[in-house]
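Peer 1: Structure of the sequence below:
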Amino acid sequence: MKIEEYISTSEEETKKIAEDFSKKIKTGDVVVLNGLLGSGKTFFVKKVAEFFNLSNSSSPTFAIVNEYQGKIKIFHLDFYRINSIEELYDIGITDYLTDSTSVVFIEWGELFEEVLPKSRYEISFSINEDDSRKIIINKYE
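Peer 2: Residues are numbered from 1 along each chain as shown. Just a heads-up that it's a prediction; the model follows:
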């Protein structure tokens, strides 16, 4: 497990962290984002998408899954409104997680850890008292 830890005091700093992270990921990767509402998960994914020339990314909270195509294909999933593991299988979670031609981002992945692949990035977002963000990136092999 590799750990990188950052404190971001602005959207510009978070954008830089997302851009640096974008240089590390490749198709076939799964990236799980955990943190409270408003902690920066969707913003982070938007900045990664922009790095790959995708400008139309948005929160998949109600759609459950968004797909973006640019330099690479990105699937952006949100488990927040999922009520059961059966719902995940109904939407084809296995197909997304095994798609070697895309990068898969999953917000609120901790809600259904049992479906997550062993090999993945996991990014935790928390809000500090001064409104800065603590961003911790782990890589599991």
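
Peer 1: The nearest residue to Lys2 once chain neighbours are set aside sits in which helix or strand?
Peer 2: Nearest non-adjacent residue to Lys2, counting by Cβ to Cβ, 6 or more residues apart in numbering: Lys139, 4.4 Å away. C-beta: built from backbone N, CA, C; applies to glycine. Applying DSSP states H and E as the criterion places Lys139 in strand 133-140.

Peer 1: And the residue nearest to Lys2, how close does it get to Thr98?
Peer 2: Remark: distance between Lys139 and Thr98 (Cβ to Cβ, to the nearest Å) = 19 Å.

Peer 1: Kindly report the same for Glu12.
Peer 2: 35 Å.

Peer 1: And for Ser22?
Peer 2: On the measure of Cβ to Cβ, Ser22 and Thr98 end up 22 Å apart.

Peer 1: neighbour count winner among the two?
Peer 2: Ser22 (17 against 11; other Cβ atoms under 10 Å).

Peer 1: Just name whatever secondary elements the helix or strand bottoming out on mean pLDDT in the chain is in contact with.
Peer 2: Within the chain, no helix or strand scores below strand 65-69, which has a mean of 85 by mean pLDDT, DSSP states H and E. On a contact count with 3 or more Cβ pairs under 8 Å, 6 or more residues apart in numbering; DSSP states H and E, strand 65-69 meets strand 73-78.

Peer 1: Please identify the buried residues of the helix or strand following the strand it packs on?
Peer 2: Heading C-terminal from strand 73-78, the first helix or strand you meet, by DSSP H and E, is helix 85-90. Buried residues in helix 85-90, counting neighbours by 16 or more other Cβ atoms under 10 Å, are found at Leu88.

Peer 1: picking up where we left off before, is there a neighbour count for the residue nearest to Lys2? I'd like the number.
Peer 2: Neighbours around Lys139, by other Cβ under 10 Å: 16.
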